[in-house]
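**Q** sequence first, predicted coordinates after that:
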Amino acid sequence: MALTVVGSIAFDAVRTPFGERDRMLGGSAVHFALAASFFTEVNVVGPVGDEFGEAELEVLRSHGIETADVERIEGGETFFWRGHYDADLNVAHTDETRLGVFAEFDPKPTDRSRGAETLFLANIQPDLQRRVRALCEGARLAALDSMNLWIETERDSLRTAIAEVGCVILNDAELRMLTGEPNLLRAARAVMEMGPGIVVAKRGEYGSALFTPGAAYALPGFLLEDVRDPTGAGDSFAGGFLGYLDGCGAHRPDDATLHRAMAYGTVLASFNVEEFGTERIARLKVEEINERYAELRALTHFDAPG
Ligand code: AMP
């Protein structure tokens, strides 16, 4: 089994009430790939600039992630995001976004990336998501994430991109914004009417909800005493969720399998927020994932051995 992801590969500058970093490895594709790498083979597609060095690539490679489609653009600048969080860590405030090499990126993924059974279109311009979707003919399960910026500035192409995938993973505020529907269940149904049969709502520290035709399911978050930086939590959730599905060959998953995938997503996101950027996930061990999965099961009476 294999999974391909396209999305931002970034340097992030982040400030939270618990500290700050001027320049750390980040990006939706990076956070996603690291989380998914615990479950399956992962290929990353996306451009980087000159200053993206071997040390950054090594973080990915040391997790067995294939970086042949990480294209270095000479003279280009790596995607840069600056943001901060106030006391409510569920709300990210964007201070600066520089697309850099993404502005002109022309994806040319290898056969290996194109043949992966699972595809994740992580948060990036919807037109780029669509181009990669069209190139990855092997994908039997394709999922997409986005954010308020693209909902505001590229709503039509985002709606078209959504119609071309089977699964949408957005946070609750984004689902409401996209559909104009204040009620989450109705908003999820409105997204299903666009095409996807699986809609996941990420709800920050409160957990996540899953909508499939005729069913709705909610799972609480894993409560932690120390949360330092929520950046990448959504992508780590998606990485645990889709990585688990791909790893067990579930490309047309039933509801019980989706519930287990939600629990793995929850566990990966919970590790991600304990430290800044990729710091915690970069040294995470499979045993820690399994331990926390069992703890989440016991705490929530969630009844499915992983
Ligand atoms: P999240 O999981 O939503 O916290 O995603 C955080 C990551 O998204 C950060 O590492 C950023 O580099 C990346 N990011 C922020 N804004 C954008 C954007 N407009 N497009 C793509 N990626 C972004």
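**A** Yes, it's here.
**Q** which ones are touching the most centrally placed residue in the chain?
**A** Among the residues of the chain, Asp235 comes closest to the average C-alpha position under C-alpha atoms, centre = their mean, at 2.5 Å. The contact partners of Asp235, taken as C-beta atoms under 8 Å, 6 or more residues apart in numbering, are Gly7, Ser28, Ala29, Val30, His31, Phe32, Ala35, Ala122, Asn123, Asp145. C-beta here means a position set from N, CA and C on the backbone, and glycine is covered the same way.
**Q** my read: the fifth one touches Ser236, true?
**A** Spelled out, that is His31. Yes - shown here, His31 and Ser236 form a contact pair, counting by C-beta atoms under 8 Å, at 5.3 Å.
**Q** now the residue nearest to the centre of the chain. Nearest residue, chain neighbours left out?
**A** The shortest distance from Asp235 to any non-neighbouring residue, by C-beta to C-beta, 6 or more residues apart in numbering, is to His31 (3.6 Å).
**Q** now swap in Pro213 and tell me
**A** Using C-beta to C-beta, 6+ apart, the nearest residue to Pro213 is Gly197, at 6.1 Å.
**Q** just Ala233 next, same as before
**A** Nearest one to Ala233, counting by C-beta to C-beta, 6+ apart, is Ala269 at 4.5 Å.
**Q** how much space between the one you found and Val42?
**A** As for Ala269, its distance to Val42 is 17 Å (criterion: C-beta to C-beta, to the nearest Å).
**Q** repeat that for Gly277.
**A** Remark: distance between Gly277 and Val42 (C-beta to C-beta) = 18 Å.
**Q** and whichever strand or helix holds Gly234, what's its mean pLDDT?
**A** With the criterion set as DSSP states H and E, the secondary-structure element containing Gly234 is helix 233-247. Throughout helix 233-247, pLDDT has a mean value of 98.
**Q** what residues does this protein have near the ligand?
**A** Proximity of the chain to the ligand (C-beta under 6 Å from any ligand atom) is limited to residues 8, 10, 12, 26-28, 31, 81, 97, 123-124, 147, 149, 231-235.
**Q** those residues in strands, which ones?
**A** Residues of the residues of the chain next to the ligand located in strands (DSSP state E): Ala10, Asp12, Gly26, Trp81, Thr97.
**Q** only whichever of the residues you listed are buried, select them in PyMOL.
**A** In PyMOL syntax, the buried subset of these is picked out as below (16 or more other C-beta atoms under 10 Å):
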select buried, resi 10+12+26+81+97
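**Q** make TSV out of the ones in strands among the residues of the chain next to the ligand and add pLDDT.
**A** TSV is the format used below for those (pLDDT from 0 to 100):
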residue	pLDDT
Ala10	98
Asp12	98
Gly26	98
Trp81	98
Thr97	96
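**Q** now the two most distant members of the ones in strands among the residues of the chain next to the ligand.
**A** Between all members of those, the longest pairwise span (C-beta to C-beta) is found for Gly26 and Thr97 and amounts to 12.0 Å.
**Q** common neighbours of those two, please.
**A** Taking C-beta under 8 Å, 6+ apart as the contact definition, Gly26 and Thr97 share the neighbouring residues Trp81.
**Q** one step back: filter the contacts of Asp235 to the buried ones?
**A** The neighbour count (16+ other C-beta under 10 Å) marks Gly7, Ser28, Ala29, Val30, His31, Phe32, Ala35, Ala122, Asn123, Asp145 as buried among these.
**Q** part of a strand, is Val168?
**A** Yes - with DSSP: H, G, I helix; E, B strand; the rest coil as the criterion, Val168 is assigned to a strand.
**Q** so who does it touch?
**A** Counting by C-beta under 8 Å, 6+ apart, Val168 has contacts Ala143, Leu144, Asp145, Ile162, Val191, Pro196, Ile198, Val199, Val200.
**Q** now a ChimeraX select for only the buried ones of these.
**A** Only the buried members of those end up in this ChimeraX selection, burial being decided by 16+ other C-beta under 10 Å:
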select :143,144,145,162,191,196,198,199,200
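**Q** what is the nearest of the contacts of Val168 to the ligand?
**A** Asp145 (7.7 Å; C-beta to the nearest ligand atom).
**Q** out of Gly277 and Val42, which sits in the busier spot?
**A** Set side by side, Gly277 and Val42 show more neighbours around Val42, with 31 against 25, by other C-beta atoms under 10 Å.
**Q** if that one is in a bridge, with which residues?
**A** On the basis of DSSP bridges, Val42 is bridged to Leu3.
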